[in-house]
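# The following block contains a protein sequence and its predicted model.
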Amino acid sequence: MFRHTLLRLQRLRAVAQSVSSPQTSLRQASAWINPMLSNLDAKVAEEVDAERLFTTPQVHELLQKITGVDLENKVFRSRRISNQQRRSHFALMTDERLENTIERMKDEAQLFLQFVPLKEPREIKTELLAHDEEIAGFDSSRFVFTDISFDATDQNRTVVVREIDGKLRTATPEEHDRMNRTYYNKQNRPVVDPAVFSDPWLDSALARDEHEFVMDWACLYYEADDPKFVETTKVVFDRTIAANKFDVFYSTRHFGTLVFYMALNNNLPPLLNYFAGHGELRECALLVRLQKTLYPEWRTAIGTNDTDLKIVQDFVKQNPRFKPKLTDLTKFLAQGGQKPFKHAVAPNELKSQVGARLLASEKNIDVSRTELAKICRECEEQEHALANLGDVDTAVHRVLGSLEDHIKTLRMSENSLTVNQTILQYEAAKTRATTLLKCISAGRQYEKAWESLKEVSKEDQATMLGTLQELQSSIDVIRNLVPTAAMNVKDLEDQKDAFLAWQSTAFFLALQQGDTAKIAEIHSTYASLDRKKEFVAIFSKGVSNRFANANFARTSASRFLECVKHEIENQMYIFFGEKSGAKREFLDSDECILLVKAAMKKALAEYGFKAVVTEILHAENDPLAYIYDLEKSVPAVTNALPDTFTEDMREMANELLLYMRDTFLDSAVDPLTSALIKHVQSKVDAMDLVTGSHRTRIAAFSSACHDIIHLFDNSLTRLPKFFEPATIKQLLQRPVTTAVDAIINKAKNWNFARDSQGKTRPIDDLIKVNSAAGQLIAGLSRLKISAEKLEIDGMIFRAWNSRVCDATLKNVATAMSGEVQRGVAEVKEKLHSGIRKGVELPSYAMMPSEYITKIAQEVLQSFHKFEVFFADDNITHSFAMWTDVSEEREEDLLMKVMRDLCAVIVRSFIETLGDVSALPPVPAKQLFCDAGYFRDALQDLRIPAPALDEVITKLTPT
């Protein structure tokens, strides 16, 4: 809808323009006019139409002549390109054929010298389509809308931009091209402009004389009417002119554009000096013709019969303002327009130089004559040797015939030991003669093959292969018969390498396409050249590349393993299916199985499963979900093989799938360990023990501990299904250690015993911390039981748990101890002061004091409270670790806690009591009563207090 709205707006705008009255406006000067270099009048510059002039046939013809054709050094020189260039070809030719070849190459060169189109840049100004103020400031970024429908081209594609202030406008040329490159990617056209088109990289490239490379890339990257292309071209041309480096563009497709640019700006002196320095009068005259074609003037028109020299001389006279700049041209014209002798020497010196060269040439001729004579002698010797070899061949055949006759004669003779020995000797001689014949035949084949190899063309692959096979077979025969024979093996191997370099590309392509017929043909080639090991290596590499280039889904472990399994099944079909010719055409069954199996195992080993697991874990961000996925997918790896598989295919597929499963699981250990560490660390980091209420802190601590223990519990439940115990320990040890250390380090700074005002928290609040600590203790205990080899350092956690338990009991004991100390001190003070005043105390005064009855009641309440607390297993775990009492003996644990609590109270009572012998009788009697009451309360709870018994004994009235 948006695109159609824009099109309607464009149609309305076109209609409005068609019915409106025509308006005249001054035409802007061409972008190719450079005010800094141009020698044109302002009025003339405004009237220049660069595009029309550049496409004029007469201008085009002049530019082609000026460009020149340097075949060897420019057009067909070696270049830095990604496509492989054709190798140089050397041939002996007649003069006529050489001339025809050069003409053909010149015609071909014209394809490489076609000029780059010269166009005016597109306008950079934009058009406002709408201004919606109600959406101004909606976002801090601009929105670009691009028409990506199929009927839109890169040139007419609609691209509009919504500005931050709500304005909707058309895109600039730079934005338009960037969107094209974004949605329709093309090779060597990145979205962002390459750095080489801007300084300092552009200046560095031009300093290395890489002008042509920069311009070629600009032509590939930009469109001809792109403002940036026009600006880049002008910058490169201006710097080329300033540095007088016209050689870098001469005889290239950019030289014509450069010449036109200079002629358009009436800036010919640098080029005239350049051609004059090279003695090129014709090119100087062509430049003047070009100038007058672009800016015709009847007063200075070139005559029909004017020579090149007169054309240039007239130009110099007609433009006296250029004379100071035309230094090289002036010297050239002073010599009559003839090419100067750059290295003119005196006649005597020239004569001596010629004599020296003649002497050197004679020496070279003598050396060449000597070498030729030596080669002739070697050829004669080889010819003589071959002739002798033929004689030897004939002689050996005669010897063989004679030996056979002798053997027949001896067999018909008397069967004696001597005759048998003679027959054996003749048989041995016959064997040696046969071997010699085979060697002679192989030697002839070897020499003939080498001669053929020198003459065969590299393009004739079939003949080259046959010749190499003959060489290889002859070498094999000679080596089998004469192992110590010296053969030219190195040159043969080099020839094989050159030939098989072409085959390897076809080999990889056949492997990618699964073309077993082509693979069979290539296998035959490699086998015939004794390169079977190389065939196996390339075969393995090809299978590896097929796996490496396969587009396996990495969204989950199950999806990835399913894709790999599918690829293995495809490989099995290619090499062992009913339509495959692998076993029939180039491999026997066992060899095919071993080769494919080894190649696929190598491919699986080199695929990089660790990176895949890391990517999957990063995407899921939940290692437990990954473990669930493994539990579901790993057993299914070897299930449900296709029904079309034969028994051998099933056996091999199962072996490969098991290898793939084991390799994948081994690769998953380290990434899974890292993911578990990261996961537990994130849980601990999210645990807030500083802000919030006491209840929320405990909830955060308990939640983190629960999640971490749940993670490890589930991992230990599922990992044994596909990992060995040692691997599980390796996988979980670091995450567990990290979790414990992180939790304790976080909990060390938790001030759970006091509130925000510094007051001690009640026991009901503190006991919740014990419950949270016990939760973690229970979880770690289960982990240690589940994984026997898992090492969990309990000392670091025991210390913090002891701190929690101590704080809980200290809270209770401190309150009771303070009450005891206050009560005992009050009894001592009141009774003692009453006796001093002579007050007669009533007989019922020797009843237990109020403080001691209150303490006894609080002890009983604490007993019942802890009895209720220990109903929570987590609290029991916490105090069991603290007291080293087995959790199964809950009653003993309760009594141990109460004994410790009461021991603190009794110790406070005794310490406050002081020296019993120094007490007056009345206070001693009252304290005796209090101590007895407290002892009876402790005995009701079955808590012994021997220290209190001793005090009571001392306080007993005599």
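Okay, I see it.
# Going by C-alpha atoms from here, please, whenever you check contacts or count neighbours.
Will do.
# which residues of the stretch 551-700 of the chain fall in helices?
557-576, 582-585, 589-606, 609-620, 623-633, 647-685, 694-718 (DSSP state H, counting those that start in this stretch).
# Comparing those by mean pLDDT, which bottoms out?
For the helices of the stretch 551-700 of the chain, the bottom mean pLDDT is recorded on helix 582-585, which sits at a mean of 48.
# And the residue nearest the centre of the chain, how far from Ala550?
With distances taken as CA atoms, centre = their mean, Ala611 lies nearest the centre of the chain, 10.2 Å away. When CA to CA, to the nearest Å is the yardstick, Ala611 and Ala550 sit 15 Å from each other.
# pLDDT (mean, whole number) over the one helix or strand Lys533 maps to?
Per DSSP states H and E, Lys533 falls inside helix 532-549. Helix 532-549 comes out with an average pLDDT of 73.
# ok and that helix relative to helix 589-606, angle-wise?
Orientation note: helix 532-549 sits at an angle of 50 degrees relative to helix 589-606 (axes from the mean of the first three to the mean of the last three CA atoms, to 10 degrees).
# Show me which positions of helix 532-549 end up buried.
By 16 or more other CA atoms under 10 Å, the buried positions in helix 532-549 come out as 535-536, 538-547.
# Tabulate the residues you listed in a markdown table, adding columns for distance to Glu103.
Shown next, in a markdown table, are the buried residues of helix 532-549 (distance: CA to CA, whole Å):
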| residue | distance to Glu103 |
| --- | --- |
| Phe535 | 45 |
| Val536 | 48 |
| Ile538 | 44 |
| Phe539 | 46 |
| Ser540 | 49 |
| Lys541 | 46 |
| Gly542 | 45 |
| Val543 | 48 |
| Ser544 | 49 |
| Asn545 | 46 |
| Arg546 | 47 |
| Phe547 | 50 |
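# Out of those, flag the one nearest to Met36.
Nearest to Met36 among the buried residues of helix 532-549: Asn545, at 57.1 Å, using CA to CA.
# number of nearby residues for the closest residue to the closest one other than its chain neighbours?
Nearest non-adjacent residue to Asn545, counting by CA to CA, 6 or more residues apart in numbering: Ala603, 7.7 Å away. With neighbours defined by other CA atoms under 10 Å, the count for Ala603 comes to 21.
# Low-confidence bits of the stretch 351-500 of the chain, can you list those?
Within the stretch 351-500 of the chain, the stretches with pLDDT under 70 are 351, 360-362, 364, 367-369, 371-472, 475-496, 498-500.
# Using the record's domain definitions, break this structure down for me.
According to automatic domain parsing, the chain is divided into the following domains: 128-171, 347-430, 488-678, 705-793, 810-958.
# re the thing from before, any chance of JSON lines for the helices of the stretch 551-700 of the chain, columns distance to Asn73?
Supplementary listing: the helices of the stretch 551-700 of the chain in JSON lines, determined by distance: least, CA to CA, whole Å:
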{"stretch": "helix 557-576", "distance to Asn73": "50"}
{"stretch": "helix 582-585", "distance to Asn73": "50"}
{"stretch": "helix 589-606", "distance to Asn73": "46"}
{"stretch": "helix 609-620", "distance to Asn73": "49"}
{"stretch": "helix 623-633", "distance to Asn73": "63"}
{"stretch": "helix 647-685", "distance to Asn73": "55"}
{"stretch": "helix 694-718", "distance to Asn73": "71"}
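# packing partners for the helix holding Lys533?
Counting contacts by 3 or more CA pairs under 8 Å, 6 or more residues apart in numbering; DSSP states H and E, helix 532-549 packs against helix 489-513, helix 516-528, helix 589-606.
# Show me what counts as buried in the shortest one.
The one in question is helix 516-528. Neighbour counts over helix 516-528 (16+ other CA under 10 Å) mark 516-520, 522-528 as buried.
# Kindly reformat those residues as JSON lines and extend each row with distance to Phe315.
Listed next are these as JSON lines, based on distance: CA to CA, whole Å:
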{"residue": "Thr516", "distance to Phe315": "74"}
{"residue": "Ala517", "distance to Phe315": "73"}
{"residue": "Lys518", "distance to Phe315": "70"}
{"residue": "Ile519", "distance to Phe315": "71"}
{"residue": "Ala520", "distance to Phe315": "74"}
{"residue": "Ile522", "distance to Phe315": "69"}
{"residue": "His523", "distance to Phe315": "73"}
{"residue": "Ser524", "distance to Phe315": "74"}
{"residue": "Thr525", "distance to Phe315": "70"}
{"residue": "Tyr526", "distance to Phe315": "71"}
{"residue": "Ala527", "distance to Phe315": "75"}
{"residue": "Ser528", "distance to Phe315": "74"}
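# Glu562 - how many residues pack around it?
Other residues within reach of Glu562 by the criterion other CA under 10 Å amount to 18.
# so who does the residue nearest to Asn545 touch?
Under the criterion of CA atoms under 8 Å, 6 or more residues apart in numbering, the contact partners of Ala603 comprise 540-541, 543-545, 547-548.
# and the gap between Pro117 and Tyr222?
In this view, Pro117 and Tyr222 are 12 Å apart by CA to CA.
# ok, now Lys532?
On the measure of CA to CA, Lys532 and Tyr222 end up 50 Å apart.
# what does His523 give?
Relative to Tyr222, His523 is positioned 47 Å away (criterion: CA to CA).
# same check, this time on Glu567
Distance of Glu567 to Tyr222, computed by CA to CA: 42 Å.
# So for Leu297, what's the pLDDT?
Heads up, residue 297 is Glu, not Leu. The per-residue pLDDT of Glu297 was computed as 77.
# how deep is it tucked in, by neighbour count?
Going by other CA under 10 Å, the residues that sit close to Glu297 add up to 10.
# Check Tyr183 too.
Counted with other CA under 10 Å, residues neighbouring Tyr183 total 12.
# who touches it in this structure?
For Tyr183, the residues meeting the contact criterion (CA under 8 Å, 6+ apart) are Ile148.
# List the buried residues of the helix or strand where Glu212 lies.
With the criterion set as DSSP H and E, the secondary-structure element containing Glu212 is helix 211-221. Within helix 211-221, the residues scored as buried using 16+ other CA under 10 Å are 211-212, 214-215, 218, 221.
# for it, packing partners?
If you count contacts as 3+ CA pairs under 8 Å, 6+ apart, helix 211-221 packs onto helix 227-243.
# Report the angle between the very next helix or strand once past the helix it packs on and helix 227-243.
Toward the C-terminus, helix 227-243 is succeeded by helix 255-264 as the next helix or strand (DSSP H and E). Comparing the axes of helix 255-264 and helix 227-243 via the same axes, to 10 degrees yields an angle of 80 degrees.
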